[in-house]
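Chemist: could you work out the structure for the sequence below:
(one chain, ligands or ions: 1)
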Amino acid sequence: MSIRRVVSFHYTLRDPEGRVIDSSAGGAPIVYLEGAGQIIDGLDQRLREAAAGTKTRVEVPAAEAYGEHDPRQVQDVLRDLLPVAGELKVGDRFQVGDDAAAPIVTVVAVKGETVTLDGNHPLAGVALTFDVEVVSARVATAEELSHGHVHGPDGRCG
Ligand code: ZN
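Modeler: Numbers count the residues shown, from 1 in each chain. Model (predicted):
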């Protein structure tokens, strides 16, 4: 069993065309417990040896980020069957069921009475590039490991 750490870092996330998708700049760094599924697995794995102060570029293939794009999750449906009022346009996102866990779909095409919906995560099939600066890294406490999350500076849970 390897030592697991609590790591904090700043990042800028870009897609393969170099467009910025997300960034922690100007906010608090992201803090996570290694191996606890709190950040995408491919990034967690590639930061395992990174010490505080490390600046590095991490390339994560789609399969280790939000997964490959699954064509079976793209479906044509009749506009009238959708639980959404008003005009639908490409890029609109909404939930297809009543409960909170219902999948979120994205409108990818509108053609007459037919709407094409994509149930994949918007970043499915996208290789991600993270420019990372590790702010701090320390060994996780036994309590953090048993809880599966990071505790505050005074050891306080939650
Ligand atoms: Zn706790």
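Chemist: chain center to stretch 33-53, what's the gap?
Modeler: Relative to its parent chain, stretch 33-53 has a centroid offset of 13 Å by Cα atoms, centre = their mean, to the nearest Å.
Chemist: if you count neighbours, what's buried in it?
Modeler: 33-36, 39-40, 42-44, 46-47, 50 (16 or more other Cβ atoms under 10 Å). (Glycine included, C-beta is placed from N, CA and C.)
Chemist: just the ones in strands from those residues, please.
Modeler: Within those, membership in strands is found for Leu33, as judged by DSSP state E.
Chemist: among the buried residues of stretch 33-53, which one lies nearest to the ion?
Modeler: Leu33 (10.1 Å; Cβ to the ion).
Chemist: tell me who's in contact with the closest one.
Modeler: By Cβ atoms under 8 Å, 6 or more residues apart in numbering, the contact list for Leu33 reads 4-6, 140, 144-145, 148-150.
Chemist: for the ion, state which of those residues is nearest.
Modeler: Of these, the one sitting nearest to the ion (Cβ to the ion) turns out to be His149, at 5.5 Å.
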